[in-house]
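Asker: any chance you could fold what I've pasted below:
(one chain, ligands or ions: 1)
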Amino acid sequence: MQASRSEAQQVLPSQSTLRAVGLEIRPITPTFGAEVRGIDLAHGFDARQFAAIHQAFLRYQVLVFKDQSPMAPAAQIAFGRRFGELHAHPAAPTHPDHPEIFVIHTHRDSKIANGNLWHSDVSCDECPPMATMLQLHLLPPSGGDTLFASMYAAYERLSDPMKGFLAGLTARHESEHVYRGRYADRGVDDTGRVFPASSHPVVRTHPETGRQALFVNPAFTTRIEGLRGRESRLLLDYLFGLVADPNLQIRQRWEVNDVVLWDNRCTQHYALWDYWPHERRGHRVTIEGNRPFHRAQ
Ligand SMILES: [Fe+2]
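Answerer: Numbering: from 1, shown residues only. This is a model prediction of the structure:
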């Protein structure tokens, strides 16, 4: 059988090639997720190593780099820029010296924790970020895991008639309800600020792999356009519920300085806030993406 375009694009470097560039890539589940060993990102990487990382990123959707040193902001920014331009968050405070860095910090006095619900980062933007890279430098004594769900796998669970129905639909992604006041405890005054909102296809074609992914999430997606209110609510609730299937998930149990890189175009994630009053802190870099589109297959 001839390989499809998406399969062909996901051919991974062979084990011997990986060994030659010093990388070990170990899948977390057959569906998605992989641990990467053999490289310390804080000390840089060469073009062959980056090519292997990029291929693995497209295949596995979530990469967990183990045994890492703390990355200096400049090193983390440089790694992010290998994938594309960096994305500026529409609401969050940034690192005082490096605006490309989003400081993730939750502690005893936090009123709300970042990402404590299923979402794809900033899907409210006209061009939502393609990827996010997070390194955590300080962990609570236990808890603070991050769950990921594959939206390729969620899409593939749907029946053909449902896939056909969703193929022509767009959904509204809004953010004022998410972001207004969210960062007040970190000194952000958002009086008068207008928060992004956009319409995106419910089924998104990944621009690099060609695979179809479900692209609605309970944080930002407020309605499916063209449906009556109750139709939209019922359908969204059904689609949101698909991520709850543990068979579509992986769970990142952080070790200090782990670097996790995830593809927002085909995954969702949920940062658990089960560790209050303990503290959790790290640096995030977010990479710009394209305007989502749907291409029939
Ligand atoms: Fe997030």
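Asker: what residues does this structure have near the ion?
Answerer: Counting by CB under 5 Å from the ion, the residues of the chain lying close to the ion are Gly115, Asp121. Where C-beta positions appear, they are placed from N, C-alpha and C, glycine not excepted.
Asker: cutoff 8 Å now
Answerer: Residues of the chain lying near the ion by CB under 8 Å from the ion: Asn114, Gly115, His119, Ser120, Asp121, Thr132, His269, Ala271.
Asker: and stretch 119-129, which residues are buried?
Answerer: Residues of stretch 119-129 classed as buried: His119, Ser120, Asp121, Val122, Ser123, Cys124, Asp125, Pro128, Pro129 (neighbour count, 16 or more other CB atoms under 10 Å).
Asker: what's the most distant pair in the residues of the chain next to the ion?
Answerer: Largest separation among these by CB to CB: Asn114 and Ser120, giving 14.0 Å.
Asker: and which of the buried residues of stretch 119-129 is nearest to Arg251?
Answerer: Closest approach between the buried residues of stretch 119-129 and Arg251, by CB to CB: His119, at 16.3 Å.
Asker: hmm, that closest one is touching Val216, no?
Answerer: No. In this structure His119 lies outside contact range of Val216 using CB atoms under 8 Å: 10.4 Å.
Asker: shaky segments in this structure?
Answerer: Within the chain, the segments meeting pLDDT under 70 span 1-11.
Asker: how far away is Lys66 from Pro141?
Answerer: Taking CB to CB, to the nearest Å as the measure, Lys66 and Pro141 are separated by 20 Å.
Asker: between these two, which has more neighbouring residues?
Answerer: Lys66 (16 against 7; other CB atoms under 10 Å).
Asker: circling back: between the residues of the chain next to the ion, which sits nearest the ion?
Answerer: The shortest approach to the ion among these belongs to Gly115, at 3.7 Å (CB to the ion).
Asker: residue contacts, the nearest residue to the closest one once chain neighbours are set aside?
Answerer: Distance criterion CB to CB, 6 or more residues apart in numbering; nearest residue to Gly115, sequence neighbours excluded, is Ala271 at 3.6 Å. Shown in contact with Ala271 (CB atoms under 8 Å, 6 or more residues apart in numbering): Ala113, Asn114, Gly115, Asn116, Gly144, Thr146.
Asker: at 6 Å instead, please
Answerer: The contact partners of Ala271, by CB atoms under 6 Å, 6 or more residues apart in numbering, come to Gly115, Asn116, Thr146.
Asker: mind listing what the spatially most central residue of the chain touches?
Answerer: In the chain, the residue lying closest to the centroid (CA atoms, centre = their mean) is Asn264, at 3.5 Å. The neighbourhood of Asn264, defined by CB under 6 Å, 6+ apart, consists of Ser120, Asp121, Pro129.
Asker: distance check, it against Pro161.
Answerer: Distance of Asn264 to Pro161, computed by CB to CB: 28 Å.
Asker: right, and the helix or strand after the helix or strand hosting Tyr152?
Answerer: Taking DSSP states H and E as the criterion, Tyr152 maps to helix 151-156. Of the helices and strands lying after helix 151-156 in sequence (DSSP H and E), the nearest is helix 160-167.
Asker: ranges for the helices of the stretch 51-200 of the chain?
Answerer: Taking DSSP state H, counting those that start in this stretch as the criterion, the stretch 51-200 of the chain carries its helices at 73-83, 151-156, 160-167, 176-179.
Asker: which parts of the longest one are buried?
Answerer: Same thing as helix 73-83. For helix 73-83, by 16+ other CB under 10 Å, it's Ala75, Gln76, Ile77, Phe79, Gly80, Phe83.
Asker: and the residues you listed as JSON lines, adding distance to Arg157?
Answerer: Listed next are the buried residues of helix 73-83 as JSON lines, based on distance: CB to CB, whole Å:
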{"residue": "Ala75", "distance to Arg157": "39"}
{"residue": "Gln76", "distance to Arg157": "35"}
{"residue": "Ile77", "distance to Arg157": "37"}
{"residue": "Phe79", "distance to Arg157": "33"}
{"residue": "Gly80", "distance to Arg157": "32"}
{"residue": "Phe83", "distance to Arg157": "29"}
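Asker: return the closest of these with respect to His89.
Answerer: Gly80 (13.2 Å).
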